[in-house]
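Enquirer: Build me a structure from this.
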Amino acid sequence: MALKDFQPVIGLEVHAQLLTQSKLFSTARVAFGAEPNTHTTPVCLGFPGALPVLNGKVVELALRAGLALECKINERSEWSRKHYFYPDSPKGYQITQYEFPICEWGGLTLDVAAKRVQIRRIHIEEDAGKSVHDAAPGLTLVDLNRVGTPLLEIVSEPDLRSADEAVEYLKLLRDVLVYVGVNDGNLEEGSFRCDANVSIMKKGGQDYGTRCELKNLNSFKNIKLAIDAEIARHVEVIEGGGTIVQETRLFDVDRGETRSMRSKEDAHDYRYFPEPDLPPLVVSAEELAHARATMPELPRARRRRYVEQLKLTEYDAGVLTADRELSELYERCLAPVGDAKRVANWFIGEVSRLLNESGVRPGAVKFTPAQFASLLGAIESGEISQNAGKEVFGQMFATGAEPKDVIAAKGLAQVSDTGALEKVIDEIIGGNQKNVEAYRAGKQQVLGFFVGQVMKAMKGKGNPKVINELLEKKLKG
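Expert: Alright, predicted model coming up:
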């Protein structure tokens with residue numbers, strides 16, 4: 001047997017940090033990269049007598065995520081204590097939702113694979129701290145700034161059948177969460193991270209094999225490599241007559257293989273029991289209605305609208321909707337212009353280029369939609385050339401200057417006065433009679449020569465459209 005004789009079975013558990021200013025049950029600030037142990041409170045640290053108080057913003061964001069992922073929202077959910085004893089867990093337990101999560105049974109439909117991946121549950125829980133192994137020689141130190149940070153754990157069914165499908169699912173999931181303002185999608189900082197449960201079964205079989213969990217995967221590239229490596233390991237073990245042991249494993253990036261971390265815990269190992277210091281979480285009809293009313297348009301729906309209503313290509317629509325802020329800026333600039341394709345070309349070209357080069361977010365640009373419309377109007381009327389328009393836009397982007405002021409200051413206006421242009425055209429025609437005769441004999445390409453000569457004489461400031469019209473009229477005699 002070989003890899004082709006087996007079917008991978010993959011389920012994913014995603015931990016998405018919620019975009020709140022404070023923690024799940026305390027007023028401590030959520031901040032990445034702060035000095036170690038500077039954002040904690042007695043509640044975070046589990047001091048005796050310190051009681052948790054739920055952050056209402058967390059519930060609002062959880063509802064938004066559940067609606068975006070087409071989940072059933074449970075009116076009542078409950079808190080539990082999940083026990084484990086690590087140095088970065090000062091309470092010795094994590095407050096989470098176990099038997100009764102806030103959201104259940106949603107899903108995402110993959111574009112490439114054209115399949116729906118079920119989401120079994122979404123529950124709220126608090127994050128642990130961070131063990132720092134390289135802080136000093138021979139020492140492991142603990143940073144508790146992250147303790148109590150609010151997370152959503154999003155658990156899929158084992159519906160994925162390849163590493164590529166897993167990566168597509170994760171990218172779609174991240175896009176949705178970022179679009180609805182639930183998560184920032186930053187894998188490098190750990191605010192969007194994934195554990196993968198991987199097993200294999202015989203092709204055509206029905207019984208799943210023993211699964212292993214891959215922990216702490218923090219890039220799409222490594223997620224694919226880790227899953228593929230784990231699938232290959234399972235096949236090798238089974239072909240060699242061995243047995244897969246349920247365990248938690250880590251991915252060694254340098255060696256391109258997974259290695260054992262610890263035996264896999266089951267639910268009973270965590271000794272779950274109801275959290276005695278928190279009442280059940282009850283979502284009111286008003287809260288759910290507010291969440292529905294404030295939901296932004298999702299990326300897939302927006303992309304479809306751009307194709308069907310604005311008549312953009314799938315590619316253009318995909319680029320413009322990949323970032324919510326970019327698509328919102330596009331729509332604000334489209335409103336006073338009206339030409340969807342023309343505005344899209346500018347956004348996919350100059351706007352995206354300058355955003356990338358400057359690091360400015362689309363929501364923080366200095367130019368206004370009215371200024372953008374004014375610029376396109378100046379190009380359309382022939383007041384300035386397309387290339388000059390890019391130069392003007394560069395100044396608008398950098399300073400927020402009015403297009404007319406930039407055009408005047410840089411002397412970029414094209415000459416459209418027919419009297420001034422005719423004078424130059426007559427001189428050039430008079431000095432190039434052989435080319436005039438060639439044009440009249442049917443060599444239409446000679447017109448380009450005359451346009452070039454006129455533009456050279458005008459030092460690039462003649463209006464090409466007017467020049468072409470005048471030349472054609474005069475060359476025909």
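
Enquirer: What segments of the stretch 351-477 of the chain are helices?
Expert: For the stretch 351-477 of the chain, the helices defined by DSSP state H, counting those that start in this stretch cover 352-358, 369-380, 386-399, 403-410, 418-430, 433-440, 446-457, 464-475.

Enquirer: So the nearest residue to Thr96 once chain neighbours are set aside, which state does it fall into?
Expert: Of all residues beyond its chain neighbours, the one nearest Thr96 is Glu125 (3.5 Å), with distances taken as Cβ to Cβ, 6 or more residues apart in numbering. Bear in mind the C-beta positions are built from the backbone N, C-alpha and C, glycine included. Glu125 falls in the strand class when you classify it by DSSP: H, G, I helix; E, B strand; the rest coil.

Enquirer: Correct me if wrong: Glu125 contacts Gln97.
Expert: Yes - in this structure Glu125 lies within contact range of Gln97 using Cβ atoms under 8 Å: 6.6 Å.

Enquirer: which residues touch the residue nearest to Thr96?
Expert: 24, 82, 94-97, 151, 153 (Cβ atoms under 8 Å, 6 or more residues apart in numbering).

Enquirer: For Val155, see how far away it is.
Expert: Separation of Glu125 from Val155 (Cβ to Cβ, to the nearest Å): 11 Å.

Enquirer: And for Gly107?
Expert: From Gly107 across to Val155, the span is 12 Å (Cβ to Cβ).

Enquirer: cool, Thr140 as well?
Expert: From Thr140 to Val155 the distance is 30 Å (Cβ to Cβ).

Enquirer: Mind checking which of those two has more residues around it?
Expert: More crowded of Thr140 and Val155, by other Cβ atoms under 10 Å: Val155, with 18 against 12.

Enquirer: Name the SS class of the more buried one, please.
Expert: What three-state DSSP gives for Val155 is strand.

Enquirer: Just confirm it contacts Glu13, I think it does.
Expert: Yes - the criterion here is Cβ under 8 Å, and Val155 meets it with Glu13 at 5.1 Å.

Enquirer: who touches both of these two?
Expert: Applying Cβ under 8 Å, 6+ apart, one finds that no residue jointly contacts Val155 and Glu13.

Enquirer: okay, which residue is most central for the chain?
Expert: Compute the mean C-alpha point of the chain, and by Cα atoms, centre = their mean the closest residue is Asp175, 4.6 Å away.

Enquirer: I'd like the mean pLDDT over the helix or strand hosting Leu288, please.
Expert: Assigned by DSSP states H and E, Leu288 belongs to helix 285-293. The pLDDT scores in helix 285-293 average 93.

Enquirer: Now do the buried residues in it.
Expert: Of the residues in helix 285-293, 287, 291 count as buried by neighbour count, 16 or more other Cβ atoms under 10 Å.

Enquirer: Distance from that helix to the middle of the chain?
Expert: Remark: helix 285-293 is offset 25 Å from the chain centroid, using Cα atoms, centre = their mean, to the nearest Å.

Enquirer: Then stretch 203-211?
Expert: When distances are taken as Cα atoms, centre = their mean, stretch 203-211 is centred 34 Å away from the chain's centroid.

Enquirer: ok, and what's touching that stretch?
Expert: Stretch 203-211 is contacted from outside by 4-7, 9, 11, 158, 197-201, 234, 238, 243-246, using Cβ under 8 Å, 6+ apart.

Enquirer: how about 6 Å then?
Expert: Contacts with stretch 203-211, where a contact means Cβ atoms under 6 Å, 6 or more residues apart in numbering, come from 5, 7, 9, 197, 199-201, 244, 246.

Enquirer: most neighbours, which of those residues?
Expert: Within the contacts of stretch 203-211, most neighbours by other Cβ under 10 Å means Ile200, with 26 neighbours.

Enquirer: in a strand, that's where it is, yeah?
Expert: Yes - checked against three-state DSSP, Ile200 lies within a strand.

Enquirer: Next one: Ala285 from Arg292, what distance?
Expert: Taking Cβ to Cβ, one finds Ala285 at 11 Å from Arg292.

Enquirer: hang on, I meant Leu329
Expert: As judged by Cβ to Cβ, Leu329 and Arg292 stand 26 Å apart.

Enquirer: where does the stretch 101-250 of the chain dip in pLDDT?
Expert: Along the stretch 101-250 of the chain, segments meeting pLDDT under 70 span 135.

Enquirer: what ranges do the helices span in it?
Expert: Listed in chain order, the helices found in the stretch 101-250 of the chain under DSSP H, counting those that start in this stretch are 163-179, 220-239.

Enquirer: closest one to Gly359 among those?
Expert: Gly359 sits nearest to helix 163-179 of all those, at 17.5 Å, using Cβ to Cβ.

Enquirer: And that closest one, what does it pack against?
Expert: Applying 3 or more Cβ pairs under 6 Å, 6 or more residues apart in numbering; DSSP states H and E, one finds that helix 163-179 contacts helix 220-239.

Enquirer: Pop the domain breakdown of the chain in here.
Expert: What automatic domain parsing lists as the domains of the chain is 3-286, 295-410, 418-475.

Enquirer: Look at the closest residue to Gln17 other than its chain neighbours and say how many residues are nearby.
Expert: In this structure, Gln17 finds its nearest non-sequential neighbour in Ser191, 3.9 Å apart by Cβ to Cβ, 6+ apart. Residue crowding around Ser191 was assessed by other Cβ under 10 Å; the count is 20.

Enquirer: May I have the phi/psi pair for Ser191?
Expert: Dihedral pair for Ser191: phi -80, psi -10, per degrees, to the nearest 10.
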